[in-house]
Every structure is written in C-alpha cells, then in structure tokens.
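Asks: just the structure for this:
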Amino acid sequence: MTDTLATEGPTEQWHSNERMRHIPRVHWMAEKLDGDLRTRIERACAAIESVTPDDPRRLAAEEIVRSLCKAIELLADVAKHTRGQLHPPNELSRHIGWSIQHAVASLRSADDDAIGRRFPFHTGERSKGEPLYGAFLSVVDATRRLVDAARFIDPNIDAALLEGLVRLETPMRTEPMA
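Replies: A predicted model of the protein is given here:
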C-alpha cells in the first residue's frame with residue numbers, strides 16, 4: 001500500500017501561510033487595552049467607588065469588576081508563553097489595575113508573527129490567534145457591562161468617557177463675533 005501524502009505533493013509550510021485577516025495584530029490589542037479600555041475601566045470604577053459600600057448597586061457592580069478581572073487574567077494567560085505563579089493584590093481596586101498591566105505586558109511580549117499566522121492544516125494544531133482574540137473580545141464585553149453598571153450609578157459617565165475625544169487646534173474666541 002502506498003502512502004497518499006508522498007504522492008500528493010509538498011505539504012503546507014507554516015512560514016509561507018499568510019496572516020489571518022480576521023485576527024488583529026497583537027500590538028493593536030495591547031494598545032487598545034492599555035489606552036481606551038483602561039480609561040473606560042478606570043472611570044467606571046471611580047464612579048462605582050463613589051457610592052457607599054453597602055449600596056446594592058455597588059455590590060452588583062463589584063461582581064462585574066471581578067468577572068472583568070477574570071477575563072483580563074484569561075487574556076494574559078493566553079498571550080504569554082510561560083506559566084508562573086503570580087499573586088495579584090486582594091483589594092479589588094488594585095487588582096483591576098494589576099490585571100490590566102499584566103495583560104498588557106503579556107501581549108507586548110507575544111510574537112505577533114507566530115500568533116497572526118495559521119498553522120499548517122496537516123499538523124492538526126489550532127492557531128493561537130483565535131483564542132487570543134476571543135479572550136480580548138470577552139474583555140471588551142466585560143468592559144461594556146462594567147460601563148453599563150457605572151451608568152446606572154452615574155448617568156453622566158458618558159460625558160466623562162467622551163471627554164478629550166475631540167481637540168480643537170484653534171479654539172473658539174471668547175468675545176462675540178458680531
């Protein structure tokens with residue numbers, strides 16, 4: 001009996017596969033998490049911490065913060081190569097900042113070329129890009145849920161989130177035009 005792989009031609013090579021277009025680059029995910037998402041999370045957490053600790057709205061929002069921490073830690077675990085014993089702080093307000101910093105560092109240390117290409121089909125291995133992007137999207141969704149909970153506490157949070165979005169190069173004059 002002959003081997004069918006030997007007669008069908010060369011097998012697929014990993015380095016010749018093109019980048020997966022549906023997976024963004026790792027450095028973009030790191031910048032998005034470190035910039036836009038961090039700002040949204042910090043402002044939402046500030047709104048949540050402004051109410052008293054026994055307020056039921058705060059208790060519900062803290063559960064969302066805990067789920068966000070888990071999503072960010074999952075993102076860091078998928079992005080990094082080594083698995084070490086890390087001990088985040090117990091206090092929730094410090095834990096979220098630590099988790100974001102750890103995930104950003106893990107994303108920045110990941111090899112963009114290795115994650116962005118799919119593995120050859122005959123190896124049977126899954127690409128690392130899909131689980132990483134899925135973990136990133138779960139962080140985005142948990143951030144959206146956190147902002148919704150903060151909006152229930154502070155209805156003006158949208159104005160704070162949009163602050164600084166547009167910057168005028170030449171501001172309007174203070175004196176009347178006519």
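Asks: neighbours around residue 63, how many?
Replies: Counted with other CB atoms under 10 Å, the neighbours of residue 63 add up to 10. Where C-beta positions appear, they are placed from N, C-alpha and C, glycine not excepted.
Asks: buried sites along the helix or strand harbouring it?
Replies: In the assignment (DSSP states H and E), residue 63 maps to helix 56-79. Applying a neighbour-count criterion of 16 or more other CB atoms under 10 Å, one finds 58, 61-62, 64-65, 68-69, 71-76, 78-79 buried in helix 56-79.
Asks: strands of this protein, start to end?
Replies: Shown for the chain, no strands are assigned by DSSP state E.
Asks: can you give me the helices in it?
Replies: 4-8, 26-32, 38-49, 56-79, 92-109, 112-116, 129-153, 157-162 (DSSP state H).
Asks: let's have those in TSV, adding mean pLDDT.
Replies: Shown next, in TSV, are the helices of the chain (pLDDT from 0 to 100):
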stretch	mean pLDDT
helix 4-8	54
helix 26-32	91
helix 38-49	93
helix 56-79	91
helix 92-109	88
helix 112-116	72
helix 129-153	93
helix 157-162	87
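Asks: nearest to residue 174, of these?
Replies: helix 157-162 (22.0 Å; CB to CB).
Asks: packing partners of the closest one?
Replies: helix 38-49, helix 129-153 (3 or more CB pairs under 8 Å, 6 or more residues apart in numbering; DSSP states H and E).
Asks: hmm, who's touching the shortest one?
Replies: Contacting residues not belonging to helix 38-49 are listed as 58, 61-62, 65, 68, 93, 96-97, 100, 143, 146-147, 149-150, 153-154, 157, 160-161 [CB atoms under 8 Å, 6 or more residues apart in numbering].
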